[in-house]
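Visitor: got a predicted structure here, sequence first:
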Amino acid sequence: MTVATKTISVIIVEDFKLTRVGLRCALNANDDIEVLAECEDAQEGLNLIQKYNPDVVLMDLGLPGMNGIEATIKAKEMNPSQNYCTDFSRP
């Protein structure tokens with residue numbers, strides 16, 4: 001018997017290109033995860049979240065302009081059932 005698995009859809013919102021590309025490569029190595037889109041700022045992230053309605057959003061907190069905290073609050077208002085993983089680390 002074959003068990004169907006649901007693919008987890010992801011959007012990456014990260015301004016640091018190396019981190020964004022690394023996350024995409026790591027996630028794409030898993031057959032159960034599909035990166036739908038990626039971007040480098042919060043406003044574009046909100047547009048992509050509204051367009052694609054992903055299961056998970058990986059959101060950097062230290063984004064230029066609107067920060068990731070504000071963007072996550074706005075996105076959760078659009079869809080409270082989405083899951084968010086946030087990160088902020090700078091040398």
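Guide: That came in fine, so what should we check first?

Visitor: what does the pLDDT read for Q82?
Guide: At Q82, the model reports a pLDDT of 79.

Visitor: give the contact list for it.
Guide: Q82 makes contact with 49, 53-57, 75-76 under the criterion Cβ atoms under 8 Å, 6 or more residues apart in numbering. Where you see a C-beta, it was placed from the backbone N, CA and C, and this is true even at glycine.

Visitor: at 7 Å what do you get?
Guide: Listed by Cβ atoms under 7 Å, 6 or more residues apart in numbering, the contact set of Q82 reads 54, 57, 75-76.

Visitor: top of the residues you listed by neighbour count?
Guide: Among those, V57 has the most neighbours (other Cβ atoms under 10 Å), with 26 neighbours.

Visitor: so what's it bridging to?
Guide: I11, Y84 (DSSP bridges).

Visitor: quick one: it and T86 touch, right?
Guide: No. Counting by Cβ atoms under 7 Å, V57 sits too far from T86 to count as a contact (8.9 Å).

Visitor: picking that back up, inside helices: which ones of the contacts of Q82?
Guide: The members of those that map onto helices under DSSP state H are 75-76.

Visitor: can I get the contacts of Q82 in a markdown table with pLDDT and distance to A37?
Guide: Shown next, in a markdown table, are the contacts of Q82 (pLDDT from 0 to 100; distance: Cβ to Cβ, whole Å):
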| residue | pLDDT | distance to A37 |
| --- | --- | --- |
| P54 | 94 | 8 |
| V57 | 93 | 10 |
| A75 | 91 | 14 |
| K76 | 89 | 18 |
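
Visitor: closest to T19 out of the contacts of Q82?
Guide: Nearest to T19 among the contacts of Q82: V57, at 14.9 Å, using Cβ to Cβ.

Visitor: which residues touch the closest one?
Guide: 11, 13, 49, 75, 82, 84.

Visitor: for the helix or strand hosting the third one, name the packing helices and strands.
Guide: Using DSSP states H and E, the element containing I49 is helix 42-52. Secondary-structure packing of helix 42-52 (3 or more Cβ pairs under 7 Å, 6 or more residues apart in numbering; DSSP states H and E): strand 8-13, strand 33-39, helix 68-78.

Visitor: right, I'll call it a day here.
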